[in-house]
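S.K.: all I have is the shape, not the residue letters:
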């Protein structure tokens with residue numbers, strides 16, 4: 001009885017997976033990383049292509065299964081049948097031609113359709129109002145440079161919403177600072193690899209506001225699974241307001257609380273300034289995220305924890321608690337120094 005139970009369980013799981021995939025495809029099950037609810041032109045093109053390929057391969061599956069069922073029923077063994085081997089027939093030109101030409105035509109159609117979609121995505125025009133962002137993948141976080149506005153941020157990509165009647169896409173230049181990464185926001189675009197010394201590119205034109213989630217889709221080290229993506233799509237007015245805030249330097253000492261000023265002194269007197277950059281200060285490191293407007297971000301550590309005082313303090317004290325193998329070291333600060341540096345981080349609006 002055990003093998004039969006195991007087979008039934010496997011069959012049930014397969015059926016459940018099929019129904020779940022169907023529910024996703026028809027929109028009955030939603031997910032922030034679902035490829036079945038595209039919100040950008042590249043994602044929509046890939047979605048349409050996937051449905052077309054599914055329809056073609058599904059039709060092939062039904063035809064083959066139908067022929068198998070027909071053959072199994074029509075030519076099944078019956079009482080009184082002659083048990084001798086039936087007459088073998090070779091060399092049917094019609095069959096040979098059919099199972100050669102039909103698959104070739106199917107492959108040709110799939111090839112041409114895929115090539116058209118690839119051309120539409122890779123050779124898209126850049127209309128007026130296009131935003132350009134340089135994306136640099138690090139172990140294990142994301143750096144975003146906005147060359148048109150001359151500032152850098154990290155982990156949370158902000159872009160304006162695009163109107164189909166007046167498109168304002170965002171073109172992304174993809175670079176890697178260390179090893180292979182892959183930039184993937186399922187609802188906005190397909191996966192695109194970041195390869196050292198080999199610039200790559202992709203683009204998005206989100207047609208609705210909100211936060212879109214993604215993931216590094218190429219194994220890049222011990223914390224690959226915690227190298228998350230957050231794309232914040234805003235109205236043009238909100239995006240312009242965010243850009244204006246990002247171009248401002250950090251607060252001056254005179255505007256900081258005594259504890260935050262002490263934290264700034266500790267920050268500038270330790271190895272923190274060798275890795276991190278804060279506009280308007282002596283900190284100009286390039287190995288870690290830019291912290292100029294740290295508290296403008298909803299998360300820390302590339303999206304794995306909420307950005308609040310408790311998590312910030314714990315992260316500064318021992319990053320390995322959040323990301324074992326993370327390249328940021330523990331600075332061995334005293335409790336008072338931790339409180340001061342945390343207060344300074346909280347001032348970086």
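M.R.: Received the coordinates, thanks. Just so you know, these numbers come straight off a predicted model, no measurement behind them.
S.K.: got any ranges where the protein has weak pLDDT?
M.R.: 1-30 (pLDDT under 70).
S.K.: where along the stretch 101-250 of the chain do the helices fall?
M.R.: 236-246 (DSSP state H, counting those that start in this stretch).
S.K.: quick one, strands of it?
M.R.: Assigned by DSSP state E, counting those that start in this stretch, the stretch 101-250 of the chain shows strands spanning 131-138, 141-146, 151-154, 156-160, 170-176, 181-184, 192-194, 200-204, 210-216, 228-234.
S.K.: could you dump these into CSV with mean neighbour count added?
M.R.: (C-beta placed from N, C-alpha, C; glycine too.) Shown next, in CSV, are those (neighbours: other C-beta atoms under 10 Å):
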stretch, mean neighbour count
strand 131-138, 21
strand 141-146, 21
strand 151-154, 21
strand 156-160, 22
strand 170-176, 20
strand 181-184, 24
strand 192-194, 22
strand 200-204, 20
strand 210-216, 19
strand 228-234, 20
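S.K.: so which of the ones you listed gets nearest residue 36?
M.R.: Residue 36 lies closest, by C-beta to C-beta, to one member of the strands of the stretch 101-250 of the chain: strand 210-216, at 14.2 Å.
S.K.: circling back: for residue 97, find the nearest of the strands of the stretch 101-250 of the chain.
M.R.: Nearest to residue 97, of these and by C-beta to C-beta, is strand 192-194 at 41.2 Å.
S.K.: a markdown table for the strands of the stretch 101-250 of the chain, including distance to residue 259?
M.R.: Formatted as a markdown table, these follow (distance: least, C-beta to C-beta, whole Å):
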| stretch | distance to residue 259 |
| --- | --- |
| strand 131-138 | 30 |
| strand 141-146 | 27 |
| strand 151-154 | 25 |
| strand 156-160 | 27 |
| strand 170-176 | 38 |
| strand 181-184 | 37 |
| strand 192-194 | 39 |
| strand 200-204 | 41 |
| strand 210-216 | 32 |
| strand 228-234 | 30 |
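S.K.: what's the closest of those strands to residue 297?
M.R.: Of all these, strand 156-160 comes closest under C-beta to C-beta, at 5.0 Å.
S.K.: who's in contact with that closest one?
M.R.: By C-beta atoms under 8 Å, 6 or more residues apart in numbering, the residues outside strand 156-160 that reach it are 131, 133, 135, 142, 144, 168, 170, 204, 206, 229-236, 239, 242-243, 297-299, 303.
S.K.: next, count neighbours for the closest residue to residue 317 other than its chain neighbours.
M.R.: Closest residue in space to residue 317, ignoring its immediate chain neighbours: residue 338 at 5.7 Å, by C-beta to C-beta, 6 or more residues apart in numbering. The local packing of residue 338 (other C-beta atoms under 10 Å) involves 18 other residues.
S.K.: I'd say residue 338 and residue 313 touch.
M.R.: Yes: the criterion here is C-beta atoms under 8 Å, and residue 338 meets it with residue 313 at 5.7 Å.
S.K.: which ones are touching the closest residue to residue 201 other than its chain neighbours?
M.R.: In space, not counting the residues next to it along the chain, residue 201 is nearest to residue 173; the distance is 5.5 Å by C-beta to C-beta, 6+ apart. The contact partners of residue 173, by C-beta under 8 Å, 6+ apart, come to 132, 133, 134, 135, 199, 200, 201.
S.K.: now with 10 Å?
M.R.: By C-beta atoms under 10 Å, 6 or more residues apart in numbering, residue 173 lies in contact with 132, 133, 134, 135, 136, 145, 147, 194, 199, 200, 201, 202.
S.K.: out of the strands of the stretch 101-250 of the chain, which comes closest to residue 262?
M.R.: Nearest of these (C-beta to C-beta): strand 151-154, 25.0 Å.
S.K.: what's that closest one packed up against?
M.R.: Strand 151-154 is packed against strand 131-138, strand 141-146, helix 236-246, with contacts defined by 3 or more C-beta pairs under 10 Å, 6 or more residues apart in numbering; DSSP states H and E.
S.K.: take these and lay them out in CSV including distance to residue 222.
M.R.: Supplementary listing: these in CSV, determined by distance: least, C-beta to C-beta, whole Å:
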stretch, distance to residue 222
strand 131-138, 14
strand 141-146, 14
helix 236-246, 31
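S.K.: so for residue 287, which of these sits nearest?
M.R.: Across the helices and strands packed on strand 151-154, closest to residue 287 is strand 131-138 (C-beta to C-beta), at 8.1 Å.
S.K.: the longest helix in this protein is where?
M.R.: helix 41-74 (DSSP state H).
S.K.: wait, doesn't residue 102 sit right on residue 60?
M.R.: Yes: between residue 102 and residue 60 there is a contact at 9.4 Å, judged by C-beta atoms under 10 Å.
S.K.: tell me, what residue is most central in this structure?
M.R.: By C-alpha atoms, centre = their mean, the chain has its centre lying nearest to residue 184, at 2.4 Å.
S.K.: give me the neighbour count for residue 191.
M.R.: 16.
S.K.: check contacts around the nearest residue to it once chain neighbours are set aside.
M.R.: The spatial neighbour of residue 191 that comes closest, neighbours along the chain excluded (C-beta to C-beta, 6+ apart), is residue 184 at 4.1 Å. Contacts for residue 184 were tallied using C-beta under 10 Å, 6+ apart; they are 33, 35, 190-193, 202, 214-218, 229.
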